[in-house]
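Novice: return atomic coordinates for the entry below.
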Amino acid sequence: SESGTTVFPSHPSTRRRRALARSEREGNGEDGDGPYGDDAGRRRRDRPLDDVEERLYQRVVALLGSIDADICGRNDNSNYDDGIYNDTSGKMVQRRRLRLLANVHYSLGKFFRKIRPKDAAMYFDTVVAMIKKNNEIIDDEENAEWMRSMAARSAFFRAALPASALGTTTTAKTIDRCPPEHVRALYRSFAPRFDNLLVEKLHYETPDLVRRAIERAVGSSTRRFDRALDLGCGTGLSGVVVRGAVQFLRGVDLSPEMVDVARKRGIYDDLIVGELERGLPSLEEEDDNYGKYYDLVLACDVFVHLGDLRGIFRAVRKSLTPKKGIFAFSTELLQSEGRDGRRTVKAGAPSDPPSYFLQECARFAHSSSYLKQLANDEGFEVIGELETAVIRVNRGKDVLGTIAVMQPKPSCRN
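Specialist: Residues are numbered from 1 along each chain as shown. Prediction:
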C-alpha cells in the first residue's frame, strides 16, 4: 500500500500508539533526529517502506478504520464528516476523539517526515484543519492549551519539510521559533546521554569556541566577570568553560531534565527552568543576586531553536552592564537562501539578504548579515569580526556556524 492511502481516522489502542511513537523516535529523539540533526542517518527520502515500517503503517491504518468503543464511547449517533467526528453524546466525548485523532495524525506526519514528505504534509495539514474546524468544542483551558500546542507543532514540522512537499499553507513568517513542547520533548530522552552524544560522536566544540572568542574580544584570558547568564544552558557544557572566570553564574533552560543534569555538576549558583527570557530581567526589575545587571551573557547552540532573534537581542541589551557587558553566542550559518525562498525570512525589503531559515532538520540557521543588522538596530557593536567555524559534525560532514561577541554601543553606555 502506498503511504498516501486515504485514512479514515479512529483511535488506535494505547499499545499501538506507543509502538508508533517508539518507531518514529528510533532511539534518537522525539522526531527521529537528534537535537543536532539527523545523527543516525537511517531514513532516506521518497523510498519504499521496509517490511517493518509497512507492517506498522498497515496496523495504524486498520486501527484508524474503526473506533475503539472502550476508549471513545462511540454510539450510533456518531458520524464522520470531512475528517472530523461529530457526536451528539456530548462535547467531552468529542474532545477525547479529537485529541486522539490529532495525536495519531501528528504521529503519522512525524513517521513520514523523512521518508515521504508529501504524505507528512498531508497529515500535518489534517491536524491543523481538525483543530480549527472543531474549535467550538474546546471550551476548557487544559484542552485548549493542548490543541494550541498540537497545531503549533504540526505547523512547525510542516514548515520544515523540503520545498517539494510545501504548498501555500505555511510560511516562514508565522514560524519564528520552535514550539516549546517540541524542545522539551526532544531533550527529555537525551538528557542522560547528551554530553556523550555531542562531545564523543558529534565533536561538539562550540562552548570552547565561544570562550576563546570572548578571550580575544576582551584581550585577556584572565578577566573575571561578576555576574554571568548562560542562556539555554542545557547540561552545563557551556557553564563548565566559563565557571572559572565568573563570580556568579546563572543558567536557564526550557528542559527540566537537562537542568537536572546541569544541577548535578555543581557549577551554577542559580538555575531556572523556563523560556530564555526568564533569565533576563529588565532594567526596572530588581534582583537579589549581585545587582541588576549581567556583565556576561552567553548562548551556545540555543539560537538554533529561534528564528527571529530581535526580542532576545533587545532583552539581552537591557540586561547587560552598560560599560563592560559582553554578549557572546553561536548560530548555525545560513550560507544561501536555499531551495524554498518562502522559508527564508528577510529582514526588510525583498532585495535585502536573507535573515534566517528553518532547515529540514527543524533547526534555524541565521545569516551573518542578519546578525550584523540586528546588532546595529538593537544597540550592539560587534567586537572584531563574526567568526565562521565548524561547530560540530553531522553524518560525517562539517556543520558551519557563526561565533559572535558583541558589546553595547558607546552611545548606549551610561
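Novice: in the stretch 101-250 of the chain, which spans are helices?
Specialist: Taking DSSP state H, counting those that start in this stretch as the criterion, the stretch 101-250 of the chain contains helices spanning 117-133, 141-159, 180-188, 194-195, 206-218, 237-242.
Novice: can you put the ones you listed in a markdown table and add mean neighbour count, mean pLDDT and distance to residue 319?
Specialist: All C-beta spots, glycine's among them, are computed from the backbone N, C-alpha and C. Conversion of the helices of the stretch 101-250 of the chain to a markdown table gives the following (neighbours: other CB atoms under 10 Å; pLDDT from 0 to 100; distance: least, CB to CB, whole Å):
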| stretch | mean neighbour count | mean pLDDT | distance to residue 319 |
| --- | --- | --- | --- |
| helix 117-133 | 21 | 90 | 36 |
| helix 141-159 | 19 | 89 | 27 |
| helix 180-188 | 18 | 89 | 21 |
| helix 194-195 | 20 | 76 | 27 |
| helix 206-218 | 19 | 93 | 17 |
| helix 237-242 | 22 | 93 | 17 |
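Novice: as JSON lines, those helices with distance to residue 253 would be great.
Specialist: JSON lines is the format used below for those (distance: least, CB to CB, whole Å):
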{"stretch": "helix 117-133", "distance to residue 253": "27"}
{"stretch": "helix 141-159", "distance to residue 253": "19"}
{"stretch": "helix 180-188", "distance to residue 253": "8"}
{"stretch": "helix 194-195", "distance to residue 253": "11"}
{"stretch": "helix 206-218", "distance to residue 253": "14"}
{"stretch": "helix 237-242", "distance to residue 253": "11"}
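Novice: now residue 280: how far from residue 230?
Specialist: Separation of residue 280 from residue 230 (CB to CB, to the nearest Å): 12 Å.
Novice: tell me which of these two has more neighbours.
Specialist: residue 230 (30 against 22; other CB atoms under 10 Å).
Novice: write down the beta-bridge partners of the more buried one, one by one.
Specialist: residue 251, residue 298 (DSSP bridges).
Novice: what pLDDT is listed against it?
Specialist: pLDDT, residue 230: 96.
Novice: how near is it to residue 250?
Specialist: 7 Å.
Novice: anything in contact with each of those two?
Specialist: Common contact partners of residue 230 and residue 250 (CB atoms under 8 Å, 6 or more residues apart in numbering): residue 268.
Novice: for this protein, which element, helix or strand, carries the lowest mean pLDDT?
Specialist: helix 69-72 (a mean of 39; mean pLDDT, DSSP states H and E).
Novice: any idea which of the helices of the stretch 101-250 of the chain gets closest to residue 386?
Specialist: helix 206-218 (9.6 Å; CB to CB).
Novice: which residues touch that closest one?
Specialist: 221, 223, 237-238, 240-242, 296, 298, 300-301, 326, 328-330, 383-384, 387, 389, 391-392, 401, 403-405, 407.
Novice: identify those among those that sit within strands.
Specialist: Those of the contacts of helix 206-218 mapping onto strands are 296, 298, 326, 328-330, 387, 389, 391-392, 401, 403-405, 407, per DSSP state E.
Novice: least confident of these?
Specialist: residue 392 (81).
Novice: in the sheet, who's paired with that one?
Specialist: residue 399.
Novice: so what's it up against?
Specialist: 36, 198, 202, 203, 204, 205, 206, 399.
Novice: least confident of these?
Specialist: residue 36 (58).
Novice: can you pull the pLDDT of residue 361?
Specialist: Looking at residue 361, the pLDDT reads 88.
Novice: repeat that for residue 279.
Specialist: At residue 279, pLDDT is 73.
Novice: for it, give its distance to residue 399.
Specialist: Counting by CB to CB, the gap from residue 279 to residue 399 is 26 Å.
Novice: neighbour-wise, which of those two wins?
Specialist: Set residue 279 next to residue 399 and count neighbours by other CB under 10 Å: residue 279 wins out with 24 against 21.
Novice: please report how far residue 242 lies from residue 408.
Specialist: For residue 242, the distance to residue 408 - CB to CB - is 20 Å.
Novice: same check, this time on residue 249
Specialist: 21 Å.
Novice: kindly report the same for residue 155.
Specialist: For residue 155, the distance to residue 408 - CB to CB - is 36 Å.
Novice: now swap in residue 333 and tell me
Specialist: 25 Å.
Novice: cool, and residue 319?
Specialist: Residue 319 is 11 Å from residue 408, by CB to CB.
Novice: more neighbours, residue 333 and residue 408?
Specialist: residue 408 (22 against 19).
Novice: what bridges to that one?
Specialist: Going by DSSP bridges, residue 408 forms beta bridges with residue 380.
Novice: how about low-confidence regions in the stretch 301-414 of the chain?
Specialist: 336-353, 412-414 (pLDDT under 70).
Novice: and the helices in it?
Specialist: 310-319, 368-377.
Novice: run the chain-centre distance for stretch 305-324.
Specialist: The chain centre lies 19 Å from the centre of stretch 305-324; the measure is CA atoms, centre = their mean, to the nearest Å.
Novice: quick check: mean pLDDT across the helix or strand harbouring residue 92?
Specialist: Using DSSP states H and E, the element containing residue 92 is helix 91-112. For helix 91-112, mean pLDDT is 83.
Novice: identify each buried residue in it, please.
Specialist: 91, 93-112 (16 or more other CB atoms under 10 Å).
Novice: and the angle for that helix with helix 141-159?
Specialist: 20 degrees (axes from the mean of the first three to the mean of the last three CA atoms, to 10 degrees).
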